[in-house]
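> One predicted model, sequence on top.
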Number of protein chains: 2
Amino acid sequence: MSDPHFNRIALIGIGLIGSSLAHVIRQRKLADEIIVSTRSAHTLRRAEELGLGDRYYLDAGEAVAGADLVIICVPVGASEAVAKWIAPALTPGAILTDVGSTKGSVIRQIAPHVPEGVHFIAGHPIAGTEESGPDAGFADLFDDRWCILTPTPDSDQEALARLSAFWQACGSMVDTMDPEHHDLVLAIVSHLPHIIAYNIVGTADDLETVTKSEVIKYSASGFRDFTRLAASDPTMWRDVCLHNKDAILEMLARFSEDLSALQRAVRWGDGEALFNLFTRTRSIRRSIVEAGQDTDIPNFGRNAPTQKPDTPAS
Amino acid sequence: MSDPHFNRIALIGIGLIGSSLAHVIRQRKLADEIIVSTRSAHTLRRAEELGLGDRYYLDAGEAVAGADLVIICVPVGASEAVAKWIAPALTPGAILTDVGSTKGSVIRQIAPHVPEGVHFIAGHPIAGTEESGPDAGFADLFDDRWCILTPTPDSDQEALARLSAFWQACGSMVDTMDPEHHDLVLAIVSHLPHIIAYNIVGTADDLETVTKSEVIKYSASGFRDFTRLAASDPTMWRDVCLHNKDAILEMLARFSEDLSALQRAVRWGDGEALFNLFTRTRSIRRSIVEAGQDTDIPNFGRNAPTQKPDTPAS
Ligand SMILES: NC(=O)c1ccc[n+]([C@@H]2O[C@H](COP(=O)([O-])OP(=O)(O)OC[C@H]3O[C@@H](n4cnc5c(N)ncnc54)[C@H](OP(=O)(O)O)[C@@H]3O)[C@@H](O)[C@H]2O)c1
Ligand SMILES: NC(=O)c1ccc[n+]([C@@H]2O[C@H](COP(=O)([O-])OP(=O)(O)OC[C@H]3O[C@@H](n4cnc5c(N)ncnc54)[C@H](OP(=O)(O)O)[C@@H]3O)[C@@H](O)[C@H]2O)c1
């Protein structure tokens, strides 16, 4: 396996993902030196208070000088501006990557600015929470989660191997994928669920017949799960919507078509159609739990018993 | 406060809700005797193995004889059949209630069969998990959750007070509500979220461009939350859709309207509209956490750190 260790890793952006990387790099000794850069003095100061790096820069250009791995961890819409900023200062032989939730657009934004001799391979760790900012990160965010790298045909193979080794050392399982296919897959497993969650929470917020306090009180019956996703960072999700438009619109169209059919089944009291759909969807859940991608404790363990009673109640 | 204790409580149906009631009644000594009845010999045997009751009957009529509290815990579509079955055997002065997720339809199914002198007050504990059957129950399911009772103008006030006291002893906070208003509230906080979850899981299952194994592998990015809801019992949810049709169709129409607007914002790259919606929805989440109706641990605590590091990483 390639060496997952780097001399100097520069993190450009130090929110949830950047700070989680800082923690895991430090904990697992994946770099001699961690350089932290972010655009605001406020966030940079907080990163320093948290001890996330060894050196701190507001100037992303200064931050990347001499780094053999540079990881861009900003909202996808900021990719081009960051690329332009750091390009002149990148060290030949360095690996440049990112963590953005869309890949086609990020590659189109960054690739044209990458100087000769710097190896750019885009990536996306499929791991996150609804929190953001430098306080939100933790070292085991990436454990047992997939990280998708989207090399292009001319990507350097050795750089790809080292970047894979790095993500594995962070706890991830690594897959490579075509950027366009990545964007399609993520549109259904991530972007559409978030959009739907934002939408239903918005709908509930707008009703005149049901008060907001009723929605809050009785949310335990299903709604609260959606509010968690709909509490995610608005900038990040605005950018995802703007930068994966085609795939998202395709998935939205499919979803709406299926919803119309379901609506018709409700309207006409077609119990059989409803029962069939509601049965078919259960097997996916089982597979996800078996694949280790979710827990099978009821209610995510929220108010469920830690152990099922196997003896008579008494 | 009224006496929450009964001499003999008969549970008709012993799935998730029935068995949770059995556990909590036993644990908190809310009855001298627990009678369990269910339609299948298989489930009845399992309930007996689990020691959920003191006596067990396949015949719901026999089960309710002499009970001073009868709780119907079956899918809402079975309410009328159960009511017809038990009506002749109900004891004068007994309280009859249910736990069904819809209330207008349940009252229409049960009320006409209730004999003179029996006090029928419909109810709905806003507590549950995605599991079903007699093994799924546990004593603290109802703790800190709301239970909605839907008395009608001619309901007996003393019976209402005793039933409220009973649910409070089960751990719940009790609210009363008009049955039609209950159905509207639940349509948005519970029925629509489940329908949407079933629908999106169905959409993902049907795609040709993204494989099922990709959906499973990368589900951690949002999708898996929906699969949990979409793993709920198909019979229960078919019945909910058939028995709360009007309110569900109304909420579905609002949701679809809002989704069209969101779709348009994505199509036209209206970042401001997206950002505004994605910001507005966050406050509901905060209120739900503050109201004690959900945990604020990221990812429901699935792979998040138990404690946020407040000291520098080392
Ligand atoms: N959150 C997730 O679940 C998740 C999962 C996988 C991948 N991702 C991707 O990871 C990336 C970072 O997400 P995150 O959750 O870590 O975000 P975050 O917590 O909101 O942090 C964002 C970071 O980017 C900086 N930034 C914001 N706007 C910028 C701009 N216009 N120009 C330069 N820097 C800017 C912020 O700087 P200041 O604070 O100094 O303004 C901050 O350091 C995004 O591309 C996202 O799509 C997120
Ligand atoms: N699950 C939740 O999250 C939740 C929350 C609040 C309220 N509720 C409501 O509570 C009620 C029970 O739900 P549950 O989750 O406890 O269901 P469950 O675990 O599936 O158990 C259903 C029980 O009803 C019996 N049953 C099923 N179909 C019947 C029929 N046609 N006639 C007579 N009995 C029948 C079953 O008997 P056999 O096993 O013997 O066939 C079983 O004892 C439903 O009305 C539901 O809407 C559910």
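That came in fine, so what should we check first? Numbers count the residues shown, from 1 in each chain, chains lettered A, B, ... in the order given. Ligands and ions are numbered 1, 2, ... in the order given.
> only C-alpha atoms for contact and neighbour calcs from this point on.
Will do.
> can I see the domain layout of chain A?
A:6-177, A:181-295 (automatic domain parsing).
> average model confidence for the last one?
So that's domain A:181-295. Regarding domain A:181-295, the rounded mean pLDDT is 96.
> For burial, what's the neighbour tally of the residue of the stretch 1-150 of chain A found nearest chain B?
Ranked by Cα to the nearest Cα, the top residue of the stretch 1-150 of chain A for proximity to chain B is residue A:51, at 4.4 Å. Residue A:51: 17 surrounding residues under other Cα atoms under 10 Å in any protein chain shown.
> Residue A:270 too?
Residues lying near residue A:270 (other Cα under 10 Å) number 15.
> in the stretch 1-150 of chain A, what residue is nearest ligand 2?
residue A:130 (24.9 Å; Cα to the nearest ligand atom).
> Am I right that that residue sits in a strand?
No. Using DSSP: H, G, I helix; E, B strand; the rest coil, the secondary structure at residue A:130 is coil, not a strand.
> rewinding a little: three-state assignment of the residue of the stretch 1-150 of chain A closest to chain B?
At residue A:51 the chain is in coil, as set by three-state DSSP.
> pLDDT score for it?
98.
> Quick check: the gap between it and residue A:74.
20 Å (Cα to Cα, to the nearest Å).
> ok, residue A:152 - contacts?
A:121, A:178 (Cα atoms under 8 Å, 6 or more residues apart in numbering or on different chains).
> ok, it to residue A:52 distance?
According to Cα to Cα, residue A:152 and residue A:52 sit 32 Å apart.
> same check, this time on residue A:258
Separation of residue A:258 from residue A:52 (Cα to Cα): 46 Å.
> who's more crowded, the two?
Per other Cα under 10 Å, whichever of residue A:258 and residue A:52 has more neighbours is residue A:52, with 30 against 17.
> possible to save the domains of chain A as TSV with distance to ligand 1?
Compiled in TSV, the domains of chain A are given as follows (distance: least, Cα to the nearest ligand atom, whole Å):
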stretch	distance to ligand 1
domain A:6-177	3
domain A:181-295	5
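> mind putting those domains in CSV, distance to residue B:70 included?
Formatted as CSV, the domains of chain A follow (distance: least, Cα to Cα, whole Å):
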stretch, distance to residue B:70
domain A:6-177, 43
domain A:181-295, 24
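> can you tell me which of those domains comes nearest to residue B:110?
Nearest of these to residue B:110, taken as Cα to Cα: domain A:181-295 at 20.4 Å.
> Is ligand 2 within reach of that closest one?
No. Using Cα under 6 Å from any ligand atom, domain A:181-295 stays clear of ligand 2, coming no nearer than 7.2 Å.
> where's the closest residue to residue A:296 other than its chain neighbours relative to residue A:50, distance?
Distance criterion Cα to Cα, 6 or more residues apart in numbering or on different chains; nearest residue to residue A:296, sequence neighbours excluded, is residue A:289 at 6.1 Å. The spacing between residue A:289 and residue A:50, counted by Cα to Cα, is 35 Å.
> And residue A:301, by the same measure?
30 Å.
> Next: residue A:222.
Counting by Cα to Cα, the gap from residue A:222 to residue A:50 is 36 Å.
> which one of those two has more residues nearby?
Neighbours of residue A:222 and residue A:50, each counted by other Cα under 10 Å, are more numerous for residue A:222; the result is 27 against 17.
> can you tell me which residues contact that one?
So residue A:222 contacts B:189, B:190, B:191, B:193, B:194, B:229 (Cα under 8 Å, 6+ apart).
> Now for the second one, how many residues are close by?
Per other Cα under 10 Å, the neighbour tally for residue B:190 reads 23.
> Pretty sure it sits against residue A:223.
Yes. Counting by Cα atoms under 8 Å, residue A:223 is a contact partner of residue B:190 at 5.9 Å.
> Could I get the CA-only coordinates of stretch A:271-291 as CSV?
Written as CSV, here are the backbone C-alpha positions of stretch A:271-291 (Å, rounded to 0.1, in the frame of the first residue of the first chain):
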residue,chain,number,x,y,z
GLY,A,271,-55.0,-0.5,-0.6
GLU,A,272,-53.2,-3.1,-2.6
ALA,A,273,-50.9,-0.6,-4.4
LEU,A,274,-50.2,1.1,-1.1
PHE,A,275,-49.4,-2.2,0.6
ASN,A,276,-47.1,-3.4,-2.2
LEU,A,277,-45.1,-0.2,-2.1
PHE,A,278,-44.9,-0.2,1.7
THR,A,279,-43.6,-3.8,1.6
ARG,A,280,-41.1,-3.4,-1.2
THR,A,281,-39.3,-0.5,0.6
ARG,A,282,-38.5,-2.6,3.7
SER,A,283,-35.8,-4.7,2.1
ILE,A,284,-33.6,-1.7,1.3
ARG,A,285,-33.5,-0.9,5.0
ARG,A,286,-32.4,-4.4,5.9
SER,A,287,-29.6,-4.2,3.3
ILE,A,288,-28.4,-0.9,4.7
VAL,A,289,-28.2,-2.3,8.2
GLU,A,290,-26.5,-5.4,7.0
ALA,A,291,-23.9,-3.3,5.1
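> So which bits of that stretch are buried?
A:271, A:273-275, A:277-282, A:284-289 (16 or more other Cα atoms under 10 Å in any protein chain shown).
> Please, where are all the strands along the stretch 101-250 of chain A?
Assignment of strands within the stretch 101-250 of chain A using DSSP state E, counting those that start in this stretch yields the ranges A:119-120, A:122-125, A:146-150, A:173-176.
> Check the burial of residue A:213 by counting its neighbours.
Count around residue A:213 with other Cα under 10 Å applied: 14.
> what's the answer for the one 4 residues further on, then?
The local packing of residue A:217 (other Cα under 10 Å) involves 18 other residues.
> Thought residue B:293 was touching it, still the case?
Yes. With contact defined as Cα under 8 Å, residue A:217 reaches residue B:293; the gap is 7.0 Å.
> Would stretch A:60-78 count as contacting chain B?
No. Stretch A:60-78 lies apart from chain B when judged by Cα under 8 Å from any Cα of the partner chain; the minimum separation is 10.7 Å.
> of all the residues in the stretch 51-200 of chain A, which ones are close to chain B?
Counting by Cα under 8 Å from any Cα, the residues of the stretch 51-200 of chain A near chain B are A:51-52, A:126-131, A:135-136, A:138, A:140-141, A:145-146, A:184-186, A:188-191, A:193-194, A:196, A:198-200.
> So which of the residues you listed belong to helices?
Members of these lying in helices (criterion: DSSP state H): A:184, A:185, A:186, A:193, A:194, A:196, A:198, A:199, A:200.
> so who does the last one touch?
Okay, so that is residue A:200. Neighbours of residue A:200 in contact, by Cα under 8 Å, 6+ apart: A:226, B:193, B:255.
> May I ask which of those residues has the most neighbours?
residue B:193 leads these on contacts (other Cα under 10 Å) with 27 neighbours.
> for that residue, what are its contacts?
Here residue B:193 is in contact with A:200, A:222, A:223, A:226 (Cα under 8 Å, 6+ apart).
> go again using 7 Å as the cut-off
Residue B:193 sits next to A:222, A:223 when contact means Cα atoms under 7 Å, 6 or more residues apart in numbering or on different chains.
> Also residue A:178?
Here residue A:178 is in contact with residue A:150 (Cα under 7 Å, 6+ apart).
> Nearest to ligand 2 within chain A, name that residue for me.
Closest point on chain A to ligand 2, by Cα to the nearest ligand atom, is residue A:221, at 7.2 Å.
> Not counting its neighbours along the chain, what's nearest that residue?
Nearest one to residue A:221, counting by Cα to Cα, 6+ apart, is residue B:190 at 5.0 Å.
> Which residues are in contact with the one you found?
A:221, A:222, A:223.
> Tell me both backbone torsions, phi and psi, for the residue nearest to residue A:296.
Note on residue A:289: backbone dihedrals following degrees, to the nearest 10 are phi -70, psi -40.
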